[in-house]
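# Predicted coordinates and the sequence they were generated for:
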Amino acid sequence: MTSATAGWRVRVAAEARHQAVLLARDPGPMIGYLVMGLLLMIATRPLYLALAASHIGQTGPGVDQAAAGMAVMFSLFALKIAGAHLLNERTWHTWDRLRATPASFGEILIGKTLPIYAAILAQQLLLFAFAAVIFGLHPRAGWWTLAICIAAWSACILLMGAGAATLARTPAQLSAAGDIFALLTSVLGGAIVPISLLPHAMRSLAPISPGYWGLRAYHAALTATPTSLVHPLIALAGFGVLGAGIATLIGAAQSGRPSNAGLRHQGAASTSDHQ
Amino acid sequence: MLDSSVKPLIEATGLVKRFGTTIALDGFDLSVSAGEVVGLVGHNGAGKTTFARAVAGLISLDSGAVLVRGADARRDPRRVRPLLGLAPQELALYPTATARENLLMFAGLYGLRRRDAHQRIGELADALVLGDVLDRRVRTLSGGQQRRLQAATAMIHRPTVLLLDEPTVGADPVTRDALLGVIRAAAEDGAGVVYTTHYLPELDVLNASLAVADHGRIIARGDRATLLAAVAGRAVIEFDRPAADLPIPTAASGAAVRVDGSRVTISTPDPGGTLAPWLATHPDATRHLRSIEVHPPTLDDLYRDLVHS
């Protein structure tokens, strides 16, 4: 009676189309993070210009630091969007419905994250395009290196967002944890204040922040040579694998217990599991 | 309805599932044949929802196995899940997407081509009275419309097995009639249906067989007529004077007779059939009749009898 089992491409495409619709229905947060990035880039560029003129903290035309810093910081805030869309599946009770379909966990995850990945890519591209058109940003290692950095950084934070979504139990938890993580990672990574100006203790902690490696990758593309991209890209891949690992392990563990167990931990009404 | 010669679509044997110290399933056995609607009833906590989740492969079992068309639901989900249509008890829809977008996504996940999906959506929209709301966002739909949409998402791929967990809870009569009609039609087309409910009269409409769950196991299973034959209905006769003043016996064949003032209650599995000859043999009493009420045994009576015993 049922139709033939569909290929994974069909299922991923169906999930991705649907996720794109959900994103389009709620564009406010993504637009907000883009506009804030543009405004802060404009606001901080004179600061970085002044620092560069004084040979403090960095060299370059100022917009390099402003554009890369804002791209890192506001993509980290956009990470919350990825997490929220995954968490919605639990608060809307649709996660079990998805799991009861022929789609595998991986297919669902890929289908859900592809449109979010596209949105984060678009955010980064628009920020750098704005910097190029208005402030004359030009990556010395070539535009293609910048494109690689954008793709790698976006993938890294997307996978970390997926991991965060499996750890968070409520939208409020995710929002608070996301804000703290985004700000800490941005500060430690040097997205707001150049690393060399940070206090010593923070400087020594910086490499544990994915933002640090994201910013190093962007700086390599903007001011250095393609070969200096290698280490930052390897580090970003490591953080991405960590996020994907958390998402997969926690997601698989949650598959064996009641769907609203997490909500029950919050004291929310539970209705059905034991019926 | 229960034909033992046909291999069941669902064979659940010895299911045990514990959540911490709570035993949700405790040796749960149930089989469902093609074209059969099984009304799975039981009080809250009896194991109905856990059973549905086990069939859908959503939980791991401590022991026992669920076979769907011979395939293990947990170990072989790739074979089982395309056969299943699940409508969980809680609404599980995307509120910011339209009804059509919800249906298209599930159609895609079950492998329906776009054109076939649109055609199927049209069929279900007609049957479930959703045609006017297909392009409205789910969060703007009424509760009844959302219930119907949820059932439609479960049936979008014409599943071989339908798992419907209280699909009419909180539903208005229009929604209920539409849902029951579609479910009956699915069973007539050969689907096996597990229908969990607290509204037992719905099982008559669905011509369902019955499975009564209690404390994680099935305590009664069979067709309704057979199970009801063991349950007493009532005939209540009201006289215009105390029944003790009338020449009526206090016993009838196979029935219990209780006299309470001017009221006589006869309890028997066939109250109508018992009452007629009883009245015929007591013409002096019938002259003083004020009213007669006949209450055949219902599924509610059966359920109460089973659970209380």
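Noted; the coordinates are in hand. Residues are numbered from 1 along each chain as shown, chains lettered A, B, ... in the order given.

# Please name the bridge partners of the nearest residue to residue B:11 once chain neighbours are set aside.
Nearest in space to residue B:11, with sequence neighbours left out and distances taken as Cβ to Cβ, 6 or more residues apart in numbering or on different chains, is residue B:67 at 4.5 Å. In short, each C-beta sits where N, CA and C put it, glycine included. Going by DSSP bridges, residue B:67 is paired in beta bridges with residue B:11, residue B:72.

# measure residue B:67 to residue B:55 for me?
To residue B:55, residue B:67 is 10 Å away according to Cβ to Cβ, to the nearest Å.

# Look at these two and report which has more neighbours.
Taking other Cβ atoms under 10 Å in any protein chain shown, residue B:67 and residue B:55 do not tie; residue B:55 has more neighbours (26 against 19).

# what about the strands in the stretch 101-250 of chain A?
Counting by DSSP state E, counting those that start in this stretch, the stretch 101-250 of chain A has no strands to list.

# Near chain B, which residues of it are found?
Residues of the stretch 101-250 of chain A lying close to chain B (Cβ under 8 Å from any Cβ of the partner chain) are A:101-103.

# Kindly indicate which of those residues lies nearest residue B:255.
Set against residue B:255, the nearest of these by Cβ to Cβ is residue A:101 (53.2 Å).

# What is the burial count for the closest residue to the closest one other than its chain neighbours?
Nearest in space to residue A:101, with sequence neighbours left out and distances taken as Cβ to Cβ, 6+ apart, is residue B:109 at 4.2 Å. Neighbour count of residue B:109, defined by other Cβ under 10 Å: 29.

# pretty sure residue B:109 is touching residue A:103, no?
Yes: contact criterion Cβ atoms under 8 Å: residue B:109 and residue A:103 qualify, at 5.0 Å.

# Spit out the residues that contact those two alike.
Residues within reach of residue B:109 and of residue A:103 at once, by Cβ atoms under 8 Å, 6 or more residues apart in numbering or on different chains, are A:11, A:15.

# Run through the residues that contact the residue nearest to residue A:101.
Per Cβ under 8 Å, 6+ apart, neighbours of residue B:109: A:6, A:11, A:14-15, A:98, A:101-103.

# need those in JSON lines with neighbour count and pLDDT, can you?
Shown next, in JSON lines, are the contacts of residue B:109 (neighbours: other Cβ atoms under 10 Å in any protein chain shown; pLDDT from 0 to 100):
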{"residue": "A:6", "neighbour count": "24", "pLDDT": "50"}
{"residue": "A:11", "neighbour count": "23", "pLDDT": "93"}
{"residue": "A:14", "neighbour count": "26", "pLDDT": "95"}
{"residue": "A:15", "neighbour count": "25", "pLDDT": "95"}
{"residue": "A:98", "neighbour count": "19", "pLDDT": "94"}
{"residue": "A:101", "neighbour count": "28", "pLDDT": "94"}
{"residue": "A:102", "neighbour count": "23", "pLDDT": "93"}
{"residue": "A:103", "neighbour count": "25", "pLDDT": "92"}
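
# Among the residues you listed, which lie within helices?
Applying DSSP state H to these, the entries found in helices are A:11, A:14-15, A:98.

# Out of those residues, which is nearest to chain B?
Nearest to chain B among the ones in helices among the contacts of residue B:109, counting by Cβ to the nearest Cβ, is residue A:14 at 2.3 Å.

# Could you measure from that closest one over to residue B:136?
Using Cβ to Cβ, residue A:14 is found at 21 Å from residue B:136.

# re earlier: give me phi/psi at the residue nearest to residue A:101?
According to degrees, to the nearest 10, the main-chain angles of residue B:109 amount to phi -70, psi -30.

# confidence score at it?
At residue B:109, the predicted lDDT confidence score is 95.

# same question, residue A:254
In this model, residue A:254 carries a pLDDT of 64.

# for residue A:262, same thing?
Looking at residue A:262, its pLDDT is 32.

# got it, and residue B:248?
So residue B:248 comes in at 69 (pLDDT).

# Count the residues that sit near residue 200.
No chain was given, so I picked chain A. By other Cβ under 10 Å, the residues close to residue A:200 number 7.

# that's the wrong chain, I meant chain B
18.

# separation between it and chain A?
Residue B:200 is 16 Å from chain A, where distance means Cβ to the nearest Cβ, to the nearest Å.

# try residue B:207
As for residue B:207, its distance to chain A is 20 Å (criterion: Cβ to the nearest Cβ).

# where does that residue land in three-state SS?
coil (DSSP: H, G, I helix; E, B strand; the rest coil).

# for the stretch 101-250 of chain B, what spans make up the strands?
Along the stretch 101-250 of chain B, the segments classed as strands by DSSP E, counting those that start in this stretch run B:161-165, B:192-196, B:209-214, B:217-222, B:233-239.

# Mean neighbour count for those strands - can I get that in CSV?
As requested, those are exported to CSV (neighbours: other Cβ atoms under 10 Å in any protein chain shown):
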stretch, mean neighbour count
strand B:161-165, 25
strand B:192-196, 25
strand B:209-214, 23
strand B:217-222, 18
strand B:233-239, 21
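
# Turn these into CSV, columns for mean pLDDT and distance to chain A.
Converted to CSV, the strands of the stretch 101-250 of chain B look like this (pLDDT from 0 to 100; distance: least, Cβ to the nearest Cβ, whole Å):
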stretch, mean pLDDT, distance to chain A
strand B:161-165, 96, 7
strand B:192-196, 96, 8
strand B:209-214, 93, 9
strand B:217-222, 92, 14
strand B:233-239, 87, 29
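
# list the contacts for residue 156?
As the question left the chain open, I've gone with chain A. Applying Cβ under 8 Å, 6+ apart, we find residue A:156 in contact with A:210, A:214, A:236-237, A:239-240, A:243.

# please go with chain B instead
Residues in contact with residue B:156, defined by Cβ under 8 Å, 6+ apart, are B:85, B:103, B:106-107, B:110, B:112, B:117, B:120-121, B:124.

# of those residues, the lowest pLDDT goes to which?
For those, the pLDDT minimum is residue B:112, 91.

# Hmm, it is touching residue B:157, no?
Yes: between residue B:112 and residue B:157 there is a contact under Cβ under 8 Å: 6.1 Å.

# Excluding chain neighbours, what is closest to residue A:151?
Once flanking residues are discounted, residue A:151 sits nearest to residue A:121: 6.9 Å by Cβ to Cβ, 6+ apart.

# Give me the neighbour count for residue 118.
Answering for chain A, as no chain was given. Neighbours of residue A:118 (other Cβ under 10 Å): 15.

# wait, chain B
Around residue B:118 there are 14 residues (other Cβ under 10 Å).
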